[in-house]
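Engineer: output the structure for:
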Amino acid sequence: MTIRMSGTWRGALLLAAAALFVVGVVSGVVLARGALSASDEPEVVSLPARWASAIANDPTTLARSADAVFEGTVVAVEQQRLWDPFEGELGDASSSERRPEPLPISVFRVKVESAWVGELAAGSEVLVEQPGGSLAQSDGDTITVVLEFDELLEVGETYLFWAQDSAADNGNLSTSPFMRLRVADDGSLEPLAAWSTLDGLRHYAERDSRGAGLEAQRLADTR
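Structural biologist: Numbering: from 1, shown residues only. Next up, the predicted model:
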């Protein structure tokens with residue numbers, strides 16, 4: 001996934017195989033700004049984004065684009081790291097441009113409930129990466145950074161993932177918002193609202209989790 005940022009967040013970020021283009025100034029898109037609520041939840045900052053979601057327009061393409069298709073329950077936030085798009089670059093001391101803030105990458109530990117494509121086994125655990133997470137500010141406050149049209153995975157929730165190997169080559173998987181469906185208690189599937197009209201995703205969402213997994217397996221095998 002390729003991310004380009006401007007304003008406070010500039011540079012290029014390579015995360016996974018699905019492409020994403022992020023534009024705009026982070027401070028210009030704040031979904032929850034001002035005084036904190038009684039629960040002291042951090043404000044949420046959304047990065048404007050244009051996602052290259054064409055692979056989810058067709059169920060076969062979606063199945064074949066995934067390195068793993070599995071149902072998994074998010075057990076914990078394993079870690080969070082910061083990615084600096086200019087890491088290792090000295091920059092121009094005379095430049096008036098600000099060095100970009102690092103982007104948080106959340107790493108979730110996910111228990112595999114069922115697996116249909118790839119080498120994962122039911123009962124195993126895998127680490128799934130997602131851009132976004134908590135970021136400490138210079139004033140001591142913490143904000144939650146998310147990408148537009150995405151939501152951070154939730155601990156305790158179960159999802160059907162079409163996952164790809166992380167571009168970081170660290171053995172983890174990565175997730176895009178149009179490559180996963182939330183699994184309800186009755187097995188029904190729910191896409192994020194922004195992606196509910198994509199034909200490939202709708203094709204799977206019409207089934208229950210097991211049926212969608214078997215369909216992905218069938219389509220991935222018909223090469």
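Engineer: CA only for contacts and neighbour counts going forward, please
Structural biologist: Noted.
Engineer: show me where the protein dips below the pLDDT cut-off.
Structural biologist: Applying pLDDT under 70 to the chain picks out residues 1-40, 85-101, 223.
Engineer: let's see 50
Structural biologist: Applying pLDDT under 50 to the chain flags the ranges 1-38, 88-96, 98.
Engineer: wait, is residue 61 part of a helix?
Structural biologist: Yes. Membership of residue 61 in a helix is supported by DSSP: H, G, I helix; E, B strand; the rest coil.
Engineer: pull the distance from stretch 191-203 to the chain's centre.
Structural biologist: Averaging C-alpha positions (Cα atoms, centre = their mean, to the nearest Å) puts stretch 191-203 15 Å from its chain's average.
Engineer: and that stretch, what's buried?
Structural biologist: By neighbour count on 16 or more other Cα atoms under 10 Å, the buried set for stretch 191-203 is 191, 192, 195, 198, 200, 201, 202, 203.
Engineer: which non-adjacent residue is nearest the fourth one?
Structural biologist: Right, the one you point to is residue 198. residue 57 (5.1 Å; Cα to Cα, 6 or more residues apart in numbering).
Engineer: count of residues packed around the one you found?
Structural biologist: Applying other Cα atoms under 10 Å, we find 18 residues neighbouring residue 57.
Engineer: now do residue 175
Structural biologist: Residue 175: 24 neighbours (other Cα under 10 Å).
Engineer: okay, it and residue 141: tell me how far apart.
Structural biologist: 28 Å (Cα to Cα, to the nearest Å).
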